[in-house]
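[1] sequence isn't available, so here's the structure alone:
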């Protein structure tokens with residue numbers, strides 16, 4: 001697999017918001033909210049600046065996505081009067097993000113931004129996707145890490161489908 005795009009977008013990860021509907025005579029129009037438009041525009045601008053190779057790519061691709069959100073105060077170890085609340089402290093590394101926005105809305109916003117950038121002809125070319133929503137490690141800021149690679153059919157063709165695998169088989 002060759003890497004087509006590697007980009008880190010600083011700042012809080014965005015999401016794909018709910019579409020807005022309006023009526024114009026007999027027609028119903030849909031549009032994205034302003035936050036979605038800004039996020040997709042940011043993804044597109046950064047992707048255009050960092051893309052490599054010939055564009056748009058016309059084959060299948062693999063997308064790796066890591067959305068790192070600001071670490072909440074509840075996950076920061078604090079010392080009060082010489083003691084500390086270690087029981088709630090999960091450690092200094094990245095931690096799972098369990099709040100909104102949902103990971104599927106993060107994915108949709110990123111893929112639509114990459115569509116705008118002309119990374120591929122259509123996001124249906126994404127045949128494999130790996131996504132994580134995490135809180136940033138202590139000392140790190142929020143960001144979105146995106147990697148787009150070509151899909152290597154030869155190395156994937158021999159892997160069994162998850163449905164065909166028996167977890168109890170040894």
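    Received the coordinates, thanks. Note that the structure is a prediction, hence the values are computed from the model and not measured. Numbers count the residues shown, from 1 in each chain.
[2] grab the longest helix from the chain for me.
    The single longest helix within the chain, with elements called by DSSP state H, is helix 34-50.
[3] now do that helix: distance to the chain's middle.
    13 Å (C-alpha atoms, centre = their mean, to the nearest Å).
[4] what do you get for stretch 119-139?
    Taking mean C-alpha positions (C-alpha atoms, centre = their mean), stretch 119-139 and its chain are 4 Å apart.
[5] buried residues of that stretch, list them for me.
    119-120, 123, 125-126, 133-136 (16 or more other C-beta atoms under 10 Å). All C-beta atoms are positioned from the backbone trio N, CA, C, and that covers glycine.
[6] reformat those as TSV; add pLDDT and distance to residue 113.
    As requested, the buried residues of stretch 119-139 are exported to TSV (pLDDT from 0 to 100; distance: C-beta to C-beta, whole Å):
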residue	pLDDT	distance to residue 113
119	92	9
120	92	12
123	90	10
125	95	15
126	96	13
133	95	17
134	94	20
135	92	22
136	91	21
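[7] out of the residues you listed, which is nearest to residue 32?
    residue 123 (15.4 Å; C-beta to C-beta).
[8] residues in contact with the closest one?
    111-112, 114-115 (C-beta atoms under 8 Å, 6 or more residues apart in numbering).
[9] and those, which is closest to residue 4?
    residue 114 (10.1 Å).
[10] looks like the closest one contacts residue 44 (just checking).
    Yes. Counting by C-beta atoms under 8 Å, residue 114 sits close enough to residue 44 to count as a contact (7.3 Å).
[11] who has more neighbours, these two?
    residue 114 (28 against 18; other C-beta atoms under 10 Å).
[12] which residues of this structure fall in strands?
    3-10, 20-24, 27-31, 61-69, 79-80, 83-84, 95-96, 126-135, 143-150 (DSSP state E).
[13] just grab the bridge partners of the spatially most central residue of the chain for me.
    The residue lying closest to the centre of the chain (C-alpha atoms, centre = their mean) is residue 65, at 3.9 Å. Beta-bridge partners recorded for residue 65 (DSSP bridges): residue 131, residue 146.
[14] that one is in contact with residue 131, isn't it?
    Yes. Here residue 65 reaches residue 131: they are 4.4 Å apart, a contact under C-beta under 8 Å.
[15] which intervals of the protein have sub-threshold pLDDT?
    The model of the chain has pLDDT under 70 over residues 19, 53, 76-90, 155-170.
[16] need the residues touching each of residue 65 and residue 131.
    106-107.
[17] neighbour-wise, which of the contacts of residue 123 leads?
    Counting by other C-beta under 10 Å, top hit in those: residue 114 with 28 neighbours.
[18] good, we can wrap up now.
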